[in-house]
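**Q** My questions concern the predicted model and sequence given below.
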Amino acid sequence: MQNFISALGLGSLYGLIAIGYTMVYGILRLINFAHGDIFMLGAYFVFFATIQYKLPWALGVVIAVAGATLCGLLVDRIAYRPLRDAPRISALISAIGVSFFIENLSVVVFKGMPRQVLQPDFLTRPISLGDVKLIPLSIMVPVISFALVAALLWMLYRTKPGLAMRSISHDIETTRLMGVSVDKIIALTFAIGSALAAVAGIMWALRYPKVEPYMGITPGFKAFIAAVFGGIGSVPGAMLGGLALGFIEIMSIAFFPTLSGYRDAFAFVLLIIILLVKPTGLMGERLEDKI
Amino acid sequence: MSGMTDKKNAFRDNTMTLLAIAALAVFLWQAPRILDGYKVRIINLIAINAILGLSLNFIYGIGGMFSLGHAGFMAIGAYVSAILILTPEQKIAMWFLDPIAPWLLNLHAPFLVSLLAAGFFAAFFGWLISLPVLRLGGDYLGIATLGFSEILRVLIMNLTPITNGSLGIKGIPAHTSLWMSYGILVAVVFGTVRIMNSNFGNVLKAVRDDEVAAKTMGIDTFRTRVLAFSIGCFGGGIGGALMGNLITTIGPTMFTIAQTYSILMIVVIGGLGSITGSIIGAVLVTTMLEWLRFVENPLTIGSLNIPGIPGMRMVIFSVLLIAVIIFRREGIMGMREFSWNWFFSLFGSSKPTKGGERV
Amino acid sequence: MNVTSGAPALSLQSVSITFGGLAAVSDVTMSVPKGAIAGLIGPNGAGKTTVFNIITGFYKPTSGRVEFSGADGGVARITGLPPHKICETGLARTFQNIRLFGNETAIQNVMVGAYVRQKGRWWMNMIPFAFSSSHNEEREIRHTATALLERLGLEKYMDATASSLPYGAQRRLEIARALATKPSFLLLDEPAAGMNPQESAELLGFIRRLRDEFDLSILLIEHDMKVVMGVCEHIWVLDQGMLIANGEPEEIRKNPKVIEAYLGKETAHA
């Protein structure tokens, strides 16, 4: 049960990050390498707001999400938008550069060493459910994640910007011709993805109570793999992929503790297997090259 | 152009190439006498980075396969070479947490053999991983090769009987002299130029530019790409081995994605697909990375004290990478190559030709 | 010369292909005799290029078979072979939207075509002074490529990058590259596309010359009826994936089904 809850928590965090990857890839066919670093920035912002400057948690969260969203938008504007018509790999190299930049700038600004995040008392006081003891945090993480995904799905399928997003991912040119401001919709996509990543970053910082400049790399890659697993381009798929990856990691270590040293390799092995067996993922559509 | 001038030009070009190599030799002979150890080390590093840049350029610029796994192949090369060079006594002393696997203990080989083994091992792993992974294209290939190099890093951390785990391997004899690194660089450049001037070079570029058309022309594009990938990995393994023998210490933290980025930077700055570009890129990136260390050191100008900012050089480095890709995507050389024709046209002593020649 | 009665070089037997449940080509049976110049025509979207893609191995037909008789005279089933193997048997093609290797020079493009027949291995040419047969072969390939460019009137573009060539020269270069694979059968996908009337008039003689000088059989897709009627000895007409007629140009010109397919029902009956 303990394992189940922690897998659910880890998985939903992967899922939240994965949504940003999947939405951007769905529209621009770009692996946004900097996404994991936006996640890290979200964690740092909340750390500074609440622990350095002693702001209340609610305000700190708002600041962190807003800050990370702004950073996500800046990344798109500066590093990706000039390359919209360039070969896809150019944008990818730019993305790698941005990721490298954010990480190293964080080392300079935030200093390289990990910092302890003080968990607020109300999130860590254990409550008993039958024979399992849980802290509110581990329930809060999946609940918030699922609520956000539900809200996003509602937005995608019930509102006008959502419709525009979905149609851009099918055919960017036609959508442009229909009078939709493509750049604005893409910016909105980055904003949503970054906000979700920031939320994930905040919860991550609370869960493993520390922050460091390179904390975004591994969860970022794993979340991307989750997005591929779920079928790149599909939001529910990203969440599903995240959960699947969370369960695979936690459960395999629970059953085979000797493998714990290899934990970070699981996701990559999974990636290579998916790409070979079913590159479209669980819920993805097939794209064919025209001859 | 008549056959006569063709022959004359070929003679002139060969002479010039020999002269250039002789000049390089004189430089290598004099360098350790006039420069301090730190500078010699950087000059060494330039050659190794050029080898690494050329090998990644072979995969990405010439083969058209976006690989982010180069650090992994370097790691294979570095470990293979180190394990072969160390004597059994050294191995027993170093593997003190977990004893070294018995079949590795008595393996011992001279440096050059270990270098070749490093290349072939890396090529073998490259071949192995490319069989499944090269069925993917573009960015998926990048992420899969990145995944491979990450898996490899986790393996190196955990396979203590082979790799000594997180302790790494220390005390590798410093075999990488200037003669060694530049000798191998010259050989690598020679080999690459020979390939690119042969019809196989045309085929490689054809597969990169239009896979469908290449297939129609009877080219087994998959096999060609696997081959190009493995050749590039061979270079990566050699580069890694040279690096290990220069720094004399290797460990799993040395071969991270940051290592791959800086090689990618060499290739992108120099120009995708250009051999000349990779060499220029290696010179620029290596010297720049060293030169940028000054921003990390405290600086005193008169009475003014500027504290050093650790990590700052990587920030500048990444800004440069972004700037190059946004403002000058084709890098310094584009796809052009250095040629003596172009060189002489600079001085107007030869008929003017177009700047540089496409290979 | 009446060649339509000769042994078939290429034959399709009940070839069908479906994409996602939709029949793109259904039950196509045709056979091109050795030494013939044949045409495959039909309105847009009739499935002509799909047929080419099946023949050259890019699509695997859902049912039916393709047989090819190369220069050696034996008949081989080529259905399902990968494209590069099909090229080896002696089938070469061009593309509707010209697919040259744009970054490479004209001669390099042609040399790539010759690679399929090259025996020397890649590493042999890396090593100087050894493997002289392989080095000689390289020189041989360069000479043949030069000669080929000269024969097609492309010698002045020899060292120009393919993408910088004028449109008509690009079309001819694509044919030169196909010829470098030493084919016995050539598939041309809309060779006259983008040409002005004078150029397409010249094309008629050019295609015949190709057939005679290079000892080829040719199957071409074309929209320009002047070209089709002027050069083809036999024509197959495809509409909505099905063959609706075949015969000599005169028969096709008069066939009411063909007129209907091209002009629509009302006009045909009017």
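**A** Received it, and whenever you're ready, just let me know what you need. Numbers count the residues shown, from 1 in each chain, chains lettered A, B, ... in the order given.
**Q** Can you pull out the low-pLDDT segments for the chain?
**A** You didn't pick a chain, so chain A it is. A:131-132, A:279, A:281-291 (pLDDT under 70).
**Q** Sorry, I should have been clearer: chain C.
**A** In chain C (pLDDT under 70), the answer is C:1-6, C:264-270.
**Q** need the contact list for the closest residue to residue B:65 other than its chain neighbours.
**A** Of all residues not flanking residue B:65 in the chain, residue B:59 sits nearest, at 5.3 Å (CB to CB, 6 or more residues apart in numbering or on different chains). The way it works is simple: take the backbone N, C-alpha and C, and place the C-beta from them, glycine included. By CB atoms under 8 Å, 6 or more residues apart in numbering or on different chains, the contact list for residue B:59 reads B:65, B:67, B:70, B:228-229, B:232-233.
**Q** Let's see that with 10 Å instead.
**A** Neighbouring residues of residue B:59 by CB atoms under 10 Å, 6 or more residues apart in numbering or on different chains: B:65-67, B:69-70, B:73, B:126, B:130, B:141, B:145, B:225, B:228-233, B:235-236, B:267.
**Q** Determine the three-state secondary structure at it.
**A** Using DSSP: H, G, I helix; E, B strand; the rest coil, the structure places residue B:59 in helix.
**Q** mind checking how far the residue in the stretch 101-250 of chain B that chain A sits nearest to is from residue A:228?
**A** The stretch 101-250 of chain B approaches chain A most closely through residue B:147 (3.6 Å), counting by CB to the nearest CB. Per CB to CB, to the nearest Å, residue B:147 is found 10 Å from residue A:228.
**Q** Neighbour count for these two, which is higher?
**A** Neighbours per residue (other CB atoms under 10 Å in any protein chain shown) separate residue B:147 from residue A:228, with residue A:228 holding more: 30 against 26.
**Q** what's the helix or strand for that one?
**A** Residue A:228 is part of helix A:217-230, with elements assigned from DSSP states H and E.
**Q** by contact count, what packs against that helix?
**A** helix A:2-28, helix A:35-47, helix A:88-110, helix A:182-207, helix A:235-255, helix A:263-277, helix B:138-158 (3 or more CB pairs under 10 Å, 6 or more residues apart in numbering or on different chains; DSSP states H and E).
**Q** Go through the ones you listed and pick out the most buried.
**A** helix A:35-47 (a mean of 28; mean count of other CB atoms under 10 Å in any protein chain shown).
**Q** Now list whatever residues contact both of residue B:147 and residue A:228.
**A** Common neighbours of residue B:147 and residue A:228 (criterion: CB under 10 Å, 6+ apart): A:270-271, A:275.
**Q** helix/strand/coil for residue C:159?
**A** When the rule is three-state DSSP, residue C:159 gets the label coil.
**Q** tell me which element residue B:12 is part of?
**A** helix B:3-34.
**Q** Run the contact check for that helix versus chain C.
**A** No. Contact of helix B:3-34 with chain C (CB under 10 Å from any CB of the partner chain) is absent, the minimum separation being 11.4 Å.
**Q** Please identify the buried residues of that helix?
**A** Residues residue B:28 are the ones in helix B:3-34 that count as buried (16 or more other CB atoms under 10 Å in any protein chain shown).
**Q** what packs against it?
**A** Applying 3+ CB pairs under 10 Å, 6+ apart, we find helix B:3-34 packed against helix B:37-57, helix B:178-197, helix B:340-347.
**Q** How far off centre is it?
**A** On the basis of CA atoms, centre = their mean, to the nearest Å, helix B:3-34 sits 23 Å off its chain's mean C-alpha point.
**Q** so that helix versus helix B:340-347, what angle?
**A** Following axes from the mean of the first three to the mean of the last three CA atoms, to 10 degrees, one obtains 80 degrees for the angle between helix B:3-34 and helix B:340-347.
**Q** Is there contact, residue-wise, from the host helix or strand of residue C:135 to chain B?
**A** Residue C:135 is part of helix C:132-151, with elements assigned from DSSP H and E. Yes. Applying CB under 10 Å from any CB, one finds helix C:132-151 touching chain B at C:134-135, C:137-138, C:141-142, C:145.
**Q** Could you export that helix as PDB, CA atoms only?
**A** The C-alpha trace of helix C:132-151 is given here as PDB (Å, rounded to 0.1, in the frame of the first residue of the first chain):
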ATOM      1  CA  SER C 132      44.700  -1.200 -56.900                       C
ATOM      2  CA  SER C 133      41.600  -2.900 -58.500                       C
ATOM      3  CA  SER C 134      39.400  -1.000 -56.200                       C
ATOM      4  CA  HIS C 135      41.100   2.300 -57.000                       C
ATOM      5  CA  ASN C 136      40.900   1.500 -60.700                       C
ATOM      6  CA  GLU C 137      37.200   0.800 -60.300                       C
ATOM      7  CA  GLU C 138      36.700   4.200 -58.700                       C
ATOM      8  CA  ARG C 139      38.400   5.900 -61.700                       C
ATOM      9  CA  GLU C 140      36.400   3.800 -64.000                       C
ATOM     10  CA  ILE C 141      33.200   4.900 -62.300                       C
ATOM     11  CA  ARG C 142      34.200   8.500 -62.600                       C
ATOM     12  CA  HIS C 143      34.900   8.100 -66.400                       C
ATOM     13  CA  THR C 144      31.600   6.300 -67.000                       C
ATOM     14  CA  ALA C 145      29.800   9.000 -65.100                       C
ATOM     15  CA  THR C 146      31.500  11.700 -67.100                       C
ATOM     16  CA  ALA C 147      30.600   9.900 -70.400                       C
ATOM     17  CA  LEU C 148      27.000   9.500 -69.300                       C
ATOM     18  CA  LEU C 149      26.700  13.200 -68.500                       C
ATOM     19  CA  GLU C 150      28.200  14.000 -71.900                       C
ATOM     20  CA  ARG C 151      25.800  11.800 -73.700                       C
END
